[in-house]
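> Requesting a structural model of the entry that follows:
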Amino acid sequence: MISNLRLNKIFWSIPSIAAMLAAIGGILFRNIYTNLFPPDFLPGAFYQDVLTVVVCVFLLILIGATKENHFKKQIIIIGLIGSFFYLYGIFTIERVYNWFYLLYAIVFSSSFWSIVYSLSQLRLEAFATLQLNSAMRKTTAISSIIIAVLFTFLWTTALIPLMREHNRIEYLYSIYILDLCFIMPAFFITSILSLRKLPFGILMGPAIMICGFFVIFPLGLNELAKPSVGMQVNWGAMIMSFGFASFMLTIAVLQIKMISLKLFRPFSERQNT
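Alright, predicted model coming up:
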């Protein structure tokens, strides 16, 4: 799937290791987010850091085990790296100025550029025999379009009063930036390419869904953790977060499982013939 796999592994490992170190810092020093995020978003910080460490360990193992023709593993890796870009983009843009801030910036930057490099190294000619059930392909693509349109509408309607009143909010403005400038366009572009049966869209569709899962799932964890600090659970928000996250994960797992590709010789072997 990807040329220069060894270099890609290095680039994938940088944000993975940096994210794991940042999350360990959050686990060991649980007050580092105080006064840097709205109080409603602090209860789940510890559990999100625990989840991040688990994901990083899994990701590093997956990176080490991935070979050139393991394109499904590479899809998963890109999706997980994409979730680091989003989550630590929030930390970076929101000015979470604690002693781990530079690690947040490293994760944000290195995850973005590692994805850019990986996508530039895609050997799309190797996927001429890529096959996917039409119903599955259309389900993923249409779901992605709905997600892109829905969140673009929601965030735009939230921004209009701020623009009208020349107002600036103190927290969570990063979500508007990341979603409207990066994530929603990615959902939309991959869905259109998938509907056109182009390999890039079919391959990146589940990667975007994996990214979305790890962005939404922690919101449900945060609600679940609120009683531990005396806060009331917003059951509607929790059910919606877990339900939405589960839907995206299900779509990603099914599509990755159903994608098939006629076996081909590794690129390095073809060069030697």
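> For the stretch 51-200 of the chain, which residues score under the pLDDT cut-off?
In the predicted model, the stretch 51-200 of the chain carries no residue with pLDDT under 70.
> Next, count neighbours for the residue lying closest to residue 171 once chain neighbours are set aside.
In space, and not counting its chain neighbours, residue 171 is closest to residue 38: 5.0 Å by C-beta to C-beta, 6 or more residues apart in numbering. C-beta here means a position set from N, CA and C on the backbone, and glycine is covered the same way. Neighbours of residue 38 under the rule other C-beta atoms under 10 Å: 9.
> Residue 215 - nearest residue in space that isn't next to it in sequence?
Closest to residue 215 by C-beta to C-beta, 6+ apart is residue 86, at 5.1 Å.
> distance of that neighbour from residue 134?
Separation of residue 86 from residue 134 (C-beta to C-beta, to the nearest Å): 30 Å.
> again with residue 179
29 Å.
> go on, residue 192?
Taking C-beta to C-beta, one finds residue 192 at 16 Å from residue 134.
> Neighbour count for these two, which is higher?
residue 192 (15 against 9).
> for residue 132, what are its contacts?
202, 255, 258-260 (C-beta atoms under 8 Å, 6 or more residues apart in numbering).
> Over to residue 216?
241, 244-245, 248.
> Which helix or strand contains the closest residue to it other than its chain neighbours?
The shortest distance from residue 216 to any non-neighbouring residue, by C-beta to C-beta, 6+ apart, is to residue 245 (4.2 Å). Residue 245 is located in helix 235-258, with elements delineated by DSSP states H and E.
> Can you tell me which helices and strands that helix packs against?
Helix 235-258 is packed against helix 71-93, helix 134-164, helix 199-225, with contacts defined by 3 or more C-beta pairs under 8 Å, 6 or more residues apart in numbering; DSSP states H and E.
> okay, those in TSV with distance to residue 57 next?
Output for these, formatted as TSV (distance: least, C-beta to C-beta, whole Å):
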stretch	distance to residue 57
helix 71-93	12
helix 134-164	28
helix 199-225	14
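> can I assume residue 175 is in contact with residue 155?
Yes. Assessed by C-beta atoms under 8 Å, residue 175 is found in contact with residue 155 at 7.4 Å.
> who's more crowded, the two?
The neighbour comparison of residue 175 against residue 155 (other C-beta under 10 Å) goes to residue 175, with 19 against 16.
> For the more buried one, list the residues it contacts.
With C-beta under 8 Å, 6+ apart, residue 175 has these contacts: 90, 155.
> residues of the helix or strand hosting it that come out buried?
Using DSSP H and E, residue 175 sits within helix 173-178. By 16 or more other C-beta atoms under 10 Å, the buried positions in helix 173-178 come out as 174-176, 178.
> Check the contacts of residue 132 for burial and list the buried ones.
202, 255, 259.
> In a markdown table, list those residues along with pLDDT.
Below are the buried ones among the contacts of residue 132 laid out as a markdown table (pLDDT from 0 to 100):
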| residue | pLDDT |
| --- | --- |
| 202 | 92 |
| 255 | 94 |
| 259 | 91 |
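> export those residues to JSON lines and tack on distance to residue 167?
Formatted as JSON lines, the buried ones among the contacts of residue 132 follow (distance: C-beta to C-beta, whole Å):
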{"residue": "202", "distance to residue 167": "42"}
{"residue": "255", "distance to residue 167": "41"}
{"residue": "259", "distance to residue 167": "46"}
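> List just the nearest of these to residue 170.
Closest to residue 170 out of the buried ones among the contacts of residue 132 is residue 255 (38.9 Å), distances taken as C-beta to C-beta.
> Count the neighbours of the closest residue in space to the closest one that isn't next to it in sequence for me.
Of all residues not flanking residue 255 in the chain, residue 206 sits nearest, at 4.4 Å (C-beta to C-beta, 6+ apart). By the measure other C-beta under 10 Å, the count of residues near residue 206 is 28.
> Residue 206 contacts residue 77, doesn't it?
No. Using C-beta under 8 Å, residue 206 is not in contact with residue 77; the gap is 11.8 Å.
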